[in-house]
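> here are the coordinates; sequence isn't available:
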């Protein structure tokens, strides 16, 4: 059984372009906003916890708990993942007078962690080194360096629903 979490807090700077459309209804002040744009974030602080318990294998090399076996410095989440992120934001907002309802999606592009590829070590052992040369059907050869491969560990993703009130300051 494996469980854990990353609780991270970011500061984000975004620039969005918005298209505002007033709904064609009898009452005024029914507005839809569609917006999109890039966002850049930097991680400020966070906590990390990782635990694995394997029934039938009591060895400490298989079972671990970072809150028990590591020091306070290793519990900081940005010791284990990247601090910078670049993402895109797509959203929609409904506004009725001063009440707003936002639904937006944020898609990150930066891979969060550098994970080793499980199959890389097997390829290195079978090929006798870090370099693999392949030939396609046209006779063209290409060289891949196995040490350059990175397993995919995911990106930051968020679906956010927010309800707000705009203060009527004029």
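Received, thanks. Predicted model only: the values in this text are computed from it and were never measured. Residues are numbered from 1 along each chain as shown.
> show me where the protein has its strands.
Ranges of strands within the chain are 2-14, 17-22, 30-52, 64-65, 84-96, 99-108, 131-135, 141-145, 157-165, based on DSSP state E.
> how far does the helix ranked longest in the chain sit from the chain's center?
Criterion DSSP state H: the longest helix present in the chain is helix 118-127. Helix 118-127 sits 28 Å away from the centroid of its parent chain (CA atoms, centre = their mean, to the nearest Å).
> for it, packing partners?
If contacts are counted by 3 or more CB pairs under 8 Å, 6 or more residues apart in numbering; DSSP states H and E, helix 118-127 sits against no helix or strand. In short, each C-beta sits where N, CA and C put it, glycine included.
> can you do 10 Å?
strand 131-135 (3 or more CB pairs under 10 Å, 6 or more residues apart in numbering; DSSP states H and E).
> quick check: neighbours of the strand it packs on in the sheet, parallel or antiparallel?
strand 141-145 (antiparallel) (DSSP bridges).
> what mean pLDDT does the strand it pairs with have?
Strand 141-145 shows a mean pLDDT of 78.
> Throw the strands of the chain into TSV and include mean neighbour count and distance to residue 58, thanks.
Output for the strands of the chain, formatted as TSV (neighbours: other CB atoms under 10 Å; distance: least, CB to CB, whole Å):
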stretch	mean neighbour count	distance to residue 58
strand 2-14	12	16
strand 17-22	10	57
strand 30-52	15	12
strand 64-65	14	12
strand 84-96	16	39
strand 99-108	15	38
strand 131-135	11	39
strand 141-145	10	39
strand 157-165	10	36
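> what sits up against stretch 45-63?
Applying CB atoms under 10 Å, 6 or more residues apart in numbering, the external contacts of stretch 45-63 come out as 1-10, 64-70, 74-81, 83.
> got phi/psi on the residue of the chain positioned farthest from its centre?
Note on the chain: the largest C-alpha distance from the chain mean falls to residue 26, namely 42.9 Å (CA atoms, centre = their mean). With angles defined as degrees, to the nearest 10, residue 26 sits at phi -60, psi -40.
> wait, what's in contact with the spatially most central residue of the chain?
Ranked by distance to the mean C-alpha position of the chain (CA atoms, centre = their mean), the top residue is residue 156 at 1.5 Å. Going by CB under 10 Å, 6+ apart, residue 156 touches 8, 10, 39, 41, 43, 81-82, 85-87, 106-112.
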